[in-house]
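[1] Quick check, what structure comes out for this input:
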Amino acid sequence: MEKQAFDIGVALERIEQAVQPWPKAALFQLAEEGYTSVFEQLLACMISIRTYDEVTLPVSRTLFARARTPASIGQLSWEELDALISPSTFHERKAQQILAIAHQVETQFGGDLPGDRDVLLSFAGVGPKCANLVLGVACGTPVISVDIHVHRVTGRWGYVKASTPEKTLLALETVLPQEYWITINRLLVPFGKHICTGTRPRCSTCPVLDMCRQVGVEEHR
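    Down below sits the predicted model:
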């Protein structure tokens, strides 16, 4: 098949339709359910680290049903918080980090966590991917959050060439129009889970096959 020139706008428009049957990425789904504060999104993002969305969503909902502000989280004991988020990977450490953040937000910011990247990155357990995702979803700040799906898919397209998610982020910042900076994570997470999968991607049903360079794809469905 002769490949067309890659048009990111067309690609994301097609993918928007293709991912309709599948669940949204966890933080975007929680935002739709009303968990839109920077603090709530940060906690959900921390819960999601090394944890499947299928676990992140119910765990976040369970936690927020019990406590969803820095003050109410801060009133929980470590044991209570750990039990609430226990299905999440590394829950003991996350419980400790979340309590520390809740207390810090109360004492430093009067209980209102600002949408400031430097502030988010100052917390133990929060890296650039998490900070960017929270700012994008909670604040609409134009930032790119690159997880393994965004890294794999954009590299497979031949849209960027980078060896790590961190380098993919830098590459995307130079070529991706800013209007798509938040959208790309929202769309490529379900797309990467269900169509452009890690092994044997479903190229036969891919809506952007005519543009994709299929970099590194040796076997597909």
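[2] so how far is stretch 185-205 from its chain's centroid?
    15 Å (C-alpha atoms, centre = their mean, to the nearest Å).
[3] pLDDT (mean, whole number) over it?
    The average pLDDT for stretch 185-205 rounds to 95.
[4] got it, and stretch 83-91?
    Mean per-residue pLDDT for stretch 83-91: 97.
[5] now the helices for this structure?
    8-18, 26-32, 38-48, 53-66, 70-74, 78-84, 91-109, 117-121, 128-134, 148-157, 165-175, 183-194 (DSSP state H).
[6] Pick the most deeply packed of those.
    helix 38-48 (a mean of 25; mean count of other C-beta atoms under 10 Å). Yep, even glycine has a C-beta here, placed from its N, CA and C like the rest.
[7] Domains in the protein, by residue range?
    8-19+144-205, 26-139 (automatic domain parsing).
[8] Pull up the per-residue confidence for the residue nearest in space to the middle of the chain.
    The centre of the chain sits closest to residue 133, judged by C-alpha atoms, centre = their mean, with a distance of 5.3 Å. Residue 133 is assigned a predicted lDDT (pLDDT) of 94.
[9] got it, and residue 3?
    Looking at residue 3, its pLDDT stands at 89.
[10] One more: residue 216?
    So, for residue 216, pLDDT stands at 87.
[11] is it true that it touches residue 157?
    No. The pair residue 216 and residue 157 fails to qualify as a contact (C-beta atoms under 8 Å) at a distance of 10.9 Å.
[12] For the residue nearest to the centre of the chain, which non-adjacent residue is spatially closest?
    residue 145 (3.9 Å; C-beta to C-beta, 6 or more residues apart in numbering).
[13] Let me see the contact set for the one you found.
    By C-beta atoms under 8 Å, 6 or more residues apart in numbering, the contact set of residue 145 is 129-130, 132-133, 136, 185.
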